[in-house]
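Q: Okay, structure incoming, though there's no sequence with it:
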């Protein structure tokens with residue numbers, strides 16, 4: 001897919017030879033005095049962007065595809081399409097469950113993100129992931145988006161272990177909340193080639209999405225709000241670090257330090273939870 005030569009964003013399937021996205025066109029107009037120069041932020045290249053890593057398939061499409069394939073495999077094994085699996089079945093498929101996750105099966109902090117409790121659960125999550133994921137991947141680039149998504153899911157899983165040690169947790173919502181948090185922090189602290197009114201609208205949408213779903217989760221007893229909050233906090237940290245580091249695109253050392261900082265926080269939470277259960281800090 002063609003990309004804007006100024007900021008690196010996708011131009012869409014019907015670009016027909018265009019070289020600049022509409023935001024950069026408006027920015028150039030404002031520089032020439034043809035628009036309100038205060039309405040637009042300066043153009044900044046997409047943070048840490050790279051070319052598409054999967055031969056034309058984005059990581060967002062890949063994550064959605066994995067979720068759908070796993071869901072179809074579960075249904076094919078005899079699990080109810082609408083009601084989804086029972087807790088025992090979900091554990092069998094790799095859900096996050098403290099007695100197992102904390103005792104050697106830490107891989108469940110990744111696999112639980114691709115499991116869902118029925119058609120409504122996966123339908124809502126994939127709808128949110130499609131919208132938020134496309135925006136986040138176009139901003140951050142392929143690999144940064146993938147790292148943000150997975151780390152937010154892991155952060156949500158760790159929070160769930162602490163708050164609901166007896167619960168069987170599954171779903172992509174922790175990672176999705178993380179994307180919302182990352183976007184909110186990036187738009188707040190970063191400078192991107194987007195009109196200010198559009199940025200304000202996106203920030204309002206992110207705040208509304210986060211607030212509405214947390215309140216709904218609190219009212220609906222079956223929702224793992226701890227996972228949502230854990231993913232959100234992880235996303236806020238990552239989004240803030242990306243926004244601060246993005247202008248210095250060639251500083252690999254700063255990127256590594258930023259990633260290590262978030263990993264340190266997650267690892268610290270993991271060890272604290274193990275200690276609170278009377279388990280060794282590692283292992």
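A: Received, thanks. Note that the structure is a prediction, hence the values are computed from the model and not measured.

Q: domains in this structure, as residue ranges please.
A: 1-43, 47-276 (automatic domain parsing).

Q: Could you export those to CSV, including columns for mean pLDDT and mean neighbour count?
A: C-beta coordinates here come from the backbone N, C-alpha and C atoms, glycine included. Formatted as CSV, these follow (pLDDT from 0 to 100; neighbours: other CB atoms under 10 Å):
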stretch, mean pLDDT, mean neighbour count
domain 1-43, 61, 15
domain 47-276, 82, 19
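
Q: mind listing what the closest residue in space to residue 112 that isn't next to it in sequence touches?
A: Nearest residue to residue 112, sequence neighbours excluded (CB to CB, 6 or more residues apart in numbering): residue 96, at 3.8 Å. Shown in contact with residue 96 (CB atoms under 8 Å, 6 or more residues apart in numbering): 108, 109, 112, 157, 160, 161, 168, 169, 170.

Q: And residue 96, how close does it get to residue 87?
A: 12 Å (CB to CB, to the nearest Å).

Q: Mutual contacts of those two, please.
A: Common neighbours of residue 96 and residue 87 (CB under 8 Å, 6+ apart) are residue 168.

Q: about what we covered before: keep only those of the contacts of residue 96 that are in helices.
A: 108, 109, 157, 160, 161 (DSSP state H).

Q: Would you agree the fourth one is in contact with residue 166?
A: No - with contact defined as CB atoms under 8 Å, residue 160 does not reach residue 166; the gap is 10.8 Å.

Q: Which other helices and strands does the one helix or strand residue 60 maps to contact?
A: Per DSSP states H and E: residue 60 is located in helix 59-76. Helices and strands touching helix 59-76, by 3 or more CB pairs under 8 Å, 6 or more residues apart in numbering; DSSP states H and E, are helix 87-93, helix 119-140, helix 142-163.

Q: go again using 7 Å as the cut-off
A: Helix 59-76 sits against helix 119-140, helix 142-163, with contacts defined as 3 or more CB pairs under 7 Å, 6 or more residues apart in numbering; DSSP states H and E.

Q: I am finished for the moment; much appreciated.
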